[in-house]
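Colleague: 3D, please:
(chains A and B)
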2 protein chains.
Amino acid sequence: MDSDFGVPRELSDLQKLRANYQPELPPCLQGTTVRVELGDGTAAADPLGAHTISRSFPHTYGQPLAHFLRATARVADAQIITEHPVIRVGVVFCGRQSPGGHNVIWGLYNALKIHNPDNVLLGFLGGTDGLFAQKTLEITDDILSTYKNQGGYDLLGRTKDQIRSTEQVNAALNTCKALKLDGLVIIGGVTSNTDAAQLAETFAEAKCQTKVVGVPVTLNGDLKNQFVETNVGFDTICKVNSQLISNVCTDALSAEKYYYFIRLMGRKASHVALECTLQSHPNMVILGEEVAASKLTLFDITKQICDAVQARAEQDKYHGVVLLPEGLIESIPEVYALLQEIHGLYREGVSGDNISSQLSPWASALFEFLPPFIKTQLLLRPESDNSAQLSQIETEKLLAHLVEAEMNKRLKAGTYKGKKFNAICHFFGYQARGSLPSKFDCDYAYVLGHICYHILAAGLNGYMATVTNLKNPVNKWRCGAAPITAMMTVKRFSHGPGASSIGKPAIHPATIDLKGKAYELLNKNASKFLMDDIYRNPGPLQFDGPGADTKAVTLSVEDQDYMGRIKKLQEYLEKVRSIVKPGCSQDVLKAALSSMASVTDVLTLMTSPSGSTPM
Amino acid sequence: MDSDFGVPRELSDLQKLRANYQPELPPCLQGTTVRVELGDGTAAADPLGAHTISRSFPHTYGQPLAHFLRATARVADAQIITEHPVIRVGVVFCGRQSPGGHNVIWGLYNALKIHNPDNVLLGFLGGTDGLFAQKTLEITDDILSTYKNQGGYDLLGRTKDQIRSTEQVNAALNTCKALKLDGLVIIGGVTSNTDAAQLAETFAEAKCQTKVVGVPVTLNGDLKNQFVETNVGFDTICKVNSQLISNVCTDALSAEKYYYFIRLMGRKASHVALECTLQSHPNMVILGEEVAASKLTLFDITKQICDAVQARAEQDKYHGVVLLPEGLIESIPEVYALLQEIHGLYREGVSGDNISSQLSPWASALFEFLPPFIKTQLLLRPESDNSAQLSQIETEKLLAHLVEAEMNKRLKAGTYKGKKFNAICHFFGYQARGSLPSKFDCDYAYVLGHICYHILAAGLNGYMATVTNLKNPVNKWRCGAAPITAMMTVKRFSHGPGASSIGKPAIHPATIDLKGKAYELLNKNASKFLMDDIYRNPGPLQFDGPGADTKAVTLSVEDQDYMGRIKKLQEYLEKVRSIVKPGCSQDVLKAALSSMASVTDVLTLMTSPSGSTPM
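Modeller: From the prediction side, this is the model:
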């Protein structure tokens, strides 16, 4: 297997052009000096969870934020690192491939070699399996040459997604010791970065010299929090899918006789569906978060689509495009309950053939109501994390089927007088994951790779590389690192699958913020999208000219500069301190005292456990 | 419905850039003079069918080829048309939308306005329905502005695909008379161009002044013959699909645990599958033509794939990508026979529920063997042309299912010792049809639109616009027109569905030439594709830079310059005539006589009905 990885390969003309593209670095990463400013110690966003997290991560909880500064920045207490002893770093792909992943490795490699040509970068072959089995490939210029700015994870490959069991963690520890690694960089999403934090804690406890760094790379775009604005791969995935969705919209408008139901990737969060909707303007999107928040049943959703179909028919429109995320099926309360029963019976050792006869009367009634193909799919064994095999469950076909049945019923009853409803279903699953990465993802990943080196040079452990201010041009990007533990929360209630994670600190997938600006933008336009067919076609992914530098709508509308605000707050505090120096007037001092007392009162109230909203 | 068509719309940045792209014209179409050279009268390629065709098309069979010449060309008997009285032309989209269709209308519009600003172009709204009902939209600069170089057929829309019944033909005739049309341009594929020829004949018989012109626009790429090298839309469709296939290949190579089965469009011919294979180098492709020629059964195909899976497993490879055209299912002899029985029972009025019990024992045995989802799909009512609802039959899932079953059997029997076989299925159906057209399709369609005007200016009826030498740059393209009847054949045997067409002259879909150069290229590389994973990623469709001007591999490797060779032959004949003038030596005359006698003998033999291979 190993011999396949990292082999040079024939590139197409376009791939060659892309292989020659050199991403820009923001000013703070240029040069050969690392200048790091450590801010205040971090806390978890969820005060109730903080104690649990600090107990689980005694060595790595509460560490400060790190900001990497440009060479000319005048910051008094910045640490300036000009000595760069030789280091050895390992890097591993974890979880589903996401466009841009290769550039993290390239950026890390370049940063290593710029700072000391004797530095060594080892890639683990075949993902975590390679990490456990010490299978490595030393990264070189030659090896990288045909993988720069290219899609997929085929430079190193990936297999299993977890570093969790004691056995796995020990295997990783042994590997890092045996290979004398100074750093281990884990490229992945929510799960892999949680594992990275655990590994960092274990290594610190075991006094292992290897520092662990995480990189937010997941096409789902659900590793979002105060420190992380978006993930490598999300931009590309949304652009490739939006192109296809737009093509289908054009098709619908040309033939004027079909409703297209398109299922997109997105398990616990519907970020891809939301972004694609804002790029392509299809008629409808059904977000899992909306369904969960409004507790919509299968019948509610069906009715909602049927009413839309009927309203459009009254305007003589018999075509349309409806998007849904693959995770939708688990957001529908009664289907979720059914799935939980099925998975519970599997855990009890009941065989697939006997499950339907052992369902509770209520679940059985729903199950029997569903068309046969969905029954078969719902009966698939759950995945290792107890979630359903979502890529195999054709929710788009189920909805199309239910809508068709309901429209036929209305037609018979005479409440609908239009033409027959016709649906065509599509699943846009795996055809975007291997795409050439967009310029944004190439740049973002490359910069993150560089930051990984800076984190290791600063001797930090259990951090994630971060870039903020991403909606602005690269020379405005702010580079830093945040302790992964500061991104964790502790689930106290069971929402959705993965009930086994209750009580354990983890990074959880961020769902769409139904009070956020992106969702507001969708809401404001939803009725126009539905009725007016203002389809928008961003076209195929371009690397030059109009559209090449377009950023995700959700990234652009959100006002996300958390790290910038943290810095701004520090500036205010400094300012108050410098105004209210000993010697200032009594009046100034009184005013400052009274204002600050009220500020601290408000903040104390807001952050006390009883004042926070439970998650 | 009408109010939707031709409305100006918001374009994305990339769409705007494309809307500003101005396709080039070959030298022969530049200027305001039409210079046409009429060649020898045409015959049908199939000598046996010629009589039938000439009888069915007394007015339009045997017309000469037309070549459009550059202004400076010195051709003695070229007709030079400098007078351009006002003409009124109608244009209609027929059949499935194909990227580039809008540019035919734009090219035609520009040619009309250049030659006489008072010329009128009417677009029929909603396809042939609009033609029958006289629903038109006058094409203007304003209307065209947001549709230039854009995908879809949404400028005018399309609905039904046929102009065939007496009622339909009469409705078209009435419309053309009522609107006083001098020309009717039909944009479509094999079926629509056959209909165009029929309409031309009927109009000539009825002494209607409207001349009918066909344009070869179909994403299937199956309107291919001596005169037509490729079709508008095929280039784009293959590029968009190749991008996605390549992405899946990269995905397969990254995860190394799945076999992807991808079904592509392509009913009676597998051109899209072949072209995509040559662009993306997946591990396998199963062409309908190969299966039909070798009479492979479902079991043969399954075994072939299983053997490939096993050979790859021996090299520790557990991933792969397999392509198949949607028409494959009808190429498998026993499945075809089963489908024929099912469709026959439907024609006899048997209801869907009762069909399975009335099948012959042999068909019934096969039917019962198949998995339930395929049974349901095979039982779908046939389409209006008696073919199966191919887009609804998930052949990729059937094959994946059969291969999995067989691999499990081999695993149990111990003849296969590798890991468990895992398949993921995709149907790349409707997501490419609405794409922005490639540069090639923009240019080709625009030039064909211009040619339509030249055909009408030359007073020709029942012709198809043609461009040859397409693999060379636009300034080398040769423009002409060929009588549609010269592209017809008469089927005498029933191969595949559409048995009702036996005996009637028609353009038939060209299948892949298993002796052709494109197929030879595939064959030469097939084992490397299968075993070596030399996946190639042409990347997303680009409009500038590397890859933007790439042409289809099948177009580039075929040596197709039929029209060029016809001209070359005429030059040889002229040369002989000029050498052997009265006054030449006896020896020269004798040599010429003897050589020409043998040439004519050979050709007579080759073209006599008994010497031809039956179709």
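
Colleague: those helices in the stretch 101-250 of chain A, which residues are they?
Modeller: Using DSSP state H, counting those that start in this stretch, the helices of the stretch 101-250 of chain A run over residues A:101-115, A:128-133, A:141-144, A:166-178, A:190-205, A:234-255.

Colleague: out of those, flag the one nearest chain B.
Modeller: Among those, the nearest to chain B by C-beta to the nearest C-beta is helix A:234-255 (3.0 Å). In this view, the C-beta of every residue, glycine as well, is placed from N, C-alpha and C.

Colleague: quick revisit: of the helices of the stretch 101-250 of chain A, which is nearest A:Q226?
Modeller: A:Q226 sits nearest to helix A:190-205 of all the helices of the stretch 101-250 of chain A, at 14.6 Å, using C-beta to C-beta.

Colleague: hey, which of the helices of the stretch 101-250 of chain A is tucked in deepest?
Modeller: Comparing the helices of the stretch 101-250 of chain A by mean neighbour count (mean count of other C-beta atoms under 10 Å in any protein chain shown), helix A:234-255 ranks first with a mean of 28.

Colleague: helices or strands up against the helix or strand following it?
Modeller: Moving toward the C-terminus from helix A:234-255, the next helix or strand (DSSP states H and E) is strand A:259-264. For strand A:259-264, the elements it packs on are helix A:234-255, helix A:271-280, strand A:320-325, helix A:395-413, strand A:423-428, judged by 3 or more C-beta pairs under 8 Å, 6 or more residues apart in numbering or on different chains; DSSP states H and E.

Colleague: gap between the longest one and the chain center?
Modeller: By that I understand helix A:234-255. Taking C-alpha atoms, centre = their mean, to the nearest Å, one finds helix A:234-255 lying 21 Å from the centre of the chain it belongs to.

Colleague: check the fourth one too.
Modeller: Centroid separation between helix A:395-413 and its chain, computed with C-alpha atoms, centre = their mean, is 34 Å.

Colleague: neighbouring contacts of that helix?
Modeller: With contact meaning C-beta atoms under 8 Å, 6 or more residues apart in numbering or on different chains, helix A:395-413 is reached by A:259, A:261-263, A:286, A:298, A:301-303, A:305-306, A:309-310, A:322, A:324, A:326, A:328-329, A:370-371, A:373-374, A:416-418, A:420-421, A:423, A:425-427.

Colleague: any chance of the helices and strands packed on strand A:259-264 in JSON lines, with mean pLDDT and distance to A:P8 too?
Modeller: Compiled in JSON lines, the helices and strands packed on strand A:259-264 are given as follows (pLDDT from 0 to 100; distance: least, C-beta to C-beta, whole Å):
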{"stretch": "helix A:234-255", "mean pLDDT": "94", "distance to A:P8": "24"}
{"stretch": "helix A:271-280", "mean pLDDT": "97", "distance to A:P8": "33"}
{"stretch": "strand A:320-325", "mean pLDDT": "97", "distance to A:P8": "38"}
{"stretch": "helix A:395-413", "mean pLDDT": "96", "distance to A:P8": "40"}
{"stretch": "strand A:423-428", "mean pLDDT": "92", "distance to A:P8": "31"}
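
Colleague: rounded mean pLDDT for the longest strand along chain A, please.
Modeller: In chain A, ranked by residue count with DSSP state E as the criterion, the top strand is strand A:34-41. Averaging pLDDT along strand A:34-41 gives 86.

Colleague: that one to helix A:101-115, inter-axis angle?
Modeller: Using axes from the mean of the first three to the mean of the last three C-alpha atoms, to 10 degrees, the inter-axis angle of strand A:34-41 relative to helix A:101-115 is 120 degrees.

Colleague: ok, and what's touching the helix or strand just after strand A:34-41?
Modeller: Reading on from strand A:34-41 to the C-terminus, the next helix or strand found by DSSP H and E is helix A:47-56. Contacts of helix A:47-56 with the rest of the structure, by C-beta under 8 Å, 6+ apart, involve A:43-44, A:61-62, A:201, A:485, A:488-490, A:492, A:503-505, A:607-609, A:612, A:614.

Colleague: how about 10 Å then?
Modeller: Identification of contacts with helix A:47-56 by C-beta atoms under 10 Å, 6 or more residues apart in numbering or on different chains yields A:43-44, A:46, A:60-62, A:197-198, A:201, A:485-492, A:503-506, A:606-612, A:614-615.

Colleague: please enumerate the helices of the stretch 451-600 of chain A.
Modeller: Secondary structure of the stretch 451-600 of chain A (DSSP H, counting those that start in this stretch): helices located at A:517-532, A:553-557, A:562-579, A:586-607.

Colleague: and those helices: which comes nearest chain B?
Modeller: With C-beta to the nearest C-beta, the closest approach to chain B among those belongs to helix A:517-532: 9.8 Å.

Colleague: pick out the shakiest of the helices of the stretch 451-600 of chain A, pLDDT-wise.
Modeller: helix A:562-579 (a mean of 80).

Colleague: coming back round to it: return the distance of the longest strand of chain A from the chain's centre.
Modeller: Between the mean C-alpha location of strand A:34-41 and the chain-wide mean there is a distance of 26 Å, by C-alpha atoms, centre = their mean.

Colleague: coming back round to it: export the helices of the stretch 101-250 of chain A to CSV and tack on distance to chain B?
Modeller: Below are these laid out as CSV (distance: least, C-beta to the nearest C-beta, whole Å):
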stretch, distance to chain B
helix A:101-115, 9
helix A:128-133, 10
helix A:141-144, 15
helix A:166-178, 19
helix A:190-205, 15
helix A:234-255, 3
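
Colleague: closest to B:A591 out of those?
Modeller: Set against B:A591 and scored by C-beta to C-beta, the helices of the stretch 101-250 of chain A come closest in helix A:234-255, at 61.7 Å.

Colleague: tell me the angle the closest one makes with strand A:320-325.
Modeller: 150 degrees.
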